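Engineer: fold the following, please.
(one chain, ligands or ions: 1)
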Amino acid sequence: MLNYLFFSSGQLLSQMLNKGASDLIQERLSAHGVKFLLQTDATAITGTDHVQGVLIDNSTELEADLVIVGKGVRPNIGNLKDFGFQLGLGIQVDSSLATNLPNIYAAGDIAETWDLARQAFTVNATWPNATTQGRIAGANMCGRR
Ligand SMILES: Cc1cc2nc3c(=O)[nH]c(=O)nc-3n(C[C@H](O)[C@H](O)[C@H](O)COP(=O)(O)OP(=O)(O)OC[C@H]3O[C@@H](n4cnc5c(N)ncnc54)[C@H](O)[C@@H]3O)c2cc1C
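Structural biologist: Here you go, the predicted structure:
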């Protein structure tokens, strides 16, 4: 059975890695026989009492006996739009985790911080990041810059 990895985006780990780094991982996995389908959505899992296949882009069915889903993170910011927060994928914060609104801080999966390496705002939705940001936000809320 072939191993396939589908990605809605044009590269793997698009929220975590730049293109060069993701290409390195893709090359290594390809060398072990993994097939990559980029800009492809898995739209349904087929089968009755056990998985038999995955439907991609509502048209082609690929045979499968195991499906693993790792779909990334999209913060639920819909109900925050009316409050005046500076929003991107999440709530954009400065290096003290302060939002653009006075005395409101954000940390963890909801916070979009400035990534020095990418020179772009990014959501880094991992547990260690959330706990570290919680500490930084808490310290700054208490007046310790
Ligand atoms: C299946 C899964 C596997 C994961 N595996 C890993 C892993 O292996 N390693 C890793 O580093 N990270 C992993 N993560 C990511 C990690 O869990 C998150 O990055 C981390 O928990 C984010 O912490 P947080 O405090 O920002 O948000 P959360 O942990 O989501 O906490 C938010 C809290 O706010 C509460 N809440 C929501 N809305 C309201 C409201 N209106 N009022 C009051 N409370 C509210 C929620 O109930 C929740 O308790 C995983 C996540 C998932 C879902």
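Engineer: next, count neighbours for the residue in the chain that the ligand sits nearest to.
Structural biologist: Going by Cβ to the nearest ligand atom, the ligand is nearest to residue 108 of the chain, at 2.0 Å. All C-beta spots, glycine's among them, are computed from the backbone N, C-alpha and C. The number of residues packed near residue 108 is 20, by other Cβ atoms under 10 Å.
Engineer: touching, it and residue 136? I think so.
Structural biologist: No: with contact defined as Cβ atoms under 8 Å, residue 108 does not reach residue 136; the gap is 11.0 Å.
Engineer: what about stretch 138-145, start to end distance?
Structural biologist: 10 Å (Cα to Cα, to the nearest Å).
Engineer: buried residues of that stretch, list them for me.
Structural biologist: residue 140 (16 or more other Cβ atoms under 10 Å).
Engineer: neighbouring contacts of that stretch?
Structural biologist: Contact with stretch 138-145 is made by 96-98, 103, 105, as judged by Cβ atoms under 8 Å, 6 or more residues apart in numbering.
Engineer: cool, stretch 88-97 as well?
Structural biologist: Contacts of stretch 88-97 (Cβ under 8 Å, 6+ apart): 74-75, 77, 80, 85-86, 99-100, 105-107, 109-114, 121-123, 133, 136-137, 140, 145.
Engineer: can you give me the end-to-end distance of it?
Structural biologist: 15 Å.
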